[in-house]
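Student: Sequence below, structure please.
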Amino acid sequence: MEQDSLMLLFILRRLLASVPVLLVVSLCSFFFIHTAHGDPAVAMYGSQLERMRPADQERIRENLGLDQPLPVQYGRWLSQAMQGELGTSYITGRPVSQMLAERLPRTIVLNVSALALMVCLAVAVGLASAIRQYSWLDYLATFFSFLFFSIPSFWLALLAILFFSVYLGWLPSAGMASLGNDGDWLDRLRHLLLPVVVLALSHVGAYIRFVRSSMLEVLGKEYIRMAHAKGLSPRRVHYLHAFRNALVPVITYGGLSFSSLVGGGYLVETVFAYPGLGQLSIQAASMRDYPLLMGTILLTGCFVVAGNLLADIACAWVDPRLTVEGLRKKVSGIG
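Tutor: Numbers count the residues shown, from 1 in each chain. The predicted structure follows:
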C-alpha cells in the first residue's frame, strides 16, 4: 500500500512539474511564431489585401487579434487555453480544438503503431547482436543500424513510395483510405502500413545500438558469470537474468525517443498525405494560421511529457530494485 501511494504521489508531482515545461514551450513558440516573417492577413487575402484601403486592412488585423502588443496577445491566448479554448482557425474559421480532435486519433494510431514496431525490432535485433557479439549477425545488424540512422525519414518515405507503390503497386502511396472505402478497415491498414514501417525504420537504428550496448554491459556483470558457473542454460541467463536488468535503460530510451518519433511522424505524414496532426501543422505554418499552429505545438508538448511519464512508470513496474525506498528517493528528488 505504501508503494502504491508513493507511486501515485510520484505521478502527481511529475504532472505538476510538466506544467512549467508546457508553459515555457508555449511562451517561446508564441513569440517565435509571431515574430517570424509573414502576415496572416496576406496569407488569407493574398494580393487582394494590397488593393484594400488602409482602414480595411487594420480592421482585418483587429478582427484577427493582431493589433495588440505580443504580451497582451499571449496573455489572451493563455487565458483561453487554460479554459480549454485554443481559439479559432484563421483559414477555416473552425475551433482549433475541434480540428485537433479530428486529427488526434489518426496521429496516435500512426505513432503508437510505429513505436510498437520499433521497440519489437530493436529489442529482437539488439539482443541477438549482443548475445552473438562480433559474429556475422552482429556486423549485419550494425550495418543496417547505421544505414537507417543516416537516412532521413522523408527520403526513406520517398524511396518506399517509389518502390512499393510505383514500381510494384503493392501498397497505396497517400491518404488514409481509398475513395469510397472509408469504412473498410483492411483498406485503412494497407494505407497505414507504409507510413508505420517508414517511421519505425527511420528511428530504429539508434535504438538497436542502445539495446545492444545495454545488454553487453549487463552480460559483463559478475552475477551473470555466476549464473553461467551454476550451470544455468544460456537462454535462461540471457533472457531471464540479463535482459530483465537491461530493460530499464531500454524503456527509458524508448520514452525519450517518443518525442523524436512524433517529430519525424510530422514529416512522414506530410510525404504520405496522411491526414494527421503533422499534415495539419505544416498547413498551419505555411498559411500563418497562428492559433492552429499553437494548438499543434502544445499538443506535441503534451505527447512528449506523456511519453516520458509512461516510461518512468514502466521502469518502476519492471525493475525489482525500485523498492519503497527507491520510490521515496524519486519522489523527493523532483522539484
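Student: Are we agreed that Tyr90 is in a helix?
Tutor: No: counting by DSSP: H, G, I helix; E, B strand; the rest coil, Tyr90 is located in no helix; its state is coil.
Student: For the remainder of this discussion, apply numbering that starts at 502.
Tutor: Right, with 502 as the first residue, what we last looked at is Tyr591.
Student: do you know how far the residue nearest to it when sequence neighbours are not counted is from Leu663?
Tutor: What sits nearest to Tyr591 in space, not counting adjacent residues and going by CB to CB, 6 or more residues apart in numbering, is Asp790, at 4.7 Å. In this view, the C-beta of every residue, glycine as well, is placed from N, C-alpha and C. Remark: distance between Asp790 and Leu663 (CB to CB, to the nearest Å) = 32 Å.
Student: How about Gly764?
Tutor: To Leu663, Gly764 is 24 Å away according to CB to CB.
Student: And these two? Which one has more around it.
Tutor: Shown here are Gly764 and Leu663; by other CB atoms under 10 Å, Gly764 has more neighbours (15 against 12).
Student: Now do the more buried one, the pLDDT please.
Tutor: What the model reports for Gly764 is a pLDDT of 74.
Student: can you check the one 10 residues further on too?
Tutor: What the model reports as pLDDT for Ala774 is 85.
Student: in stretch 686-696, what's buried?
Tutor: Buried residues in stretch 686-696, counted by 16 or more other CB atoms under 10 Å: Asp688, Arg689, Arg691, His692, Leu693, Leu694, Leu695, Pro696.
Student: Can you give the distance of it from its chain's centre?
Tutor: 20 Å (CA atoms, centre = their mean, to the nearest Å).
Student: Which residues outside it are in contact with it?
Tutor: With CB atoms under 8 Å, 6 or more residues apart in numbering as the test, stretch 686-696 has contacts from 610-611, 614-615, 658, 661-662, 665-666, 672-674, 676-679, 682, 769-770, 773, 775.
Student: switch to 6 Å and redo it
Tutor: With contact meaning CB atoms under 6 Å, 6 or more residues apart in numbering, stretch 686-696 is reached by Leu611, Ala661, Leu672, Pro673, Gly676, Met677, Ala678, Ser679, Asn682, Val769, Phe773, Tyr775.
Student: Report the mean confidence score over it.
Tutor: Stretch 686-696 comes out at a mean pLDDT of 84.
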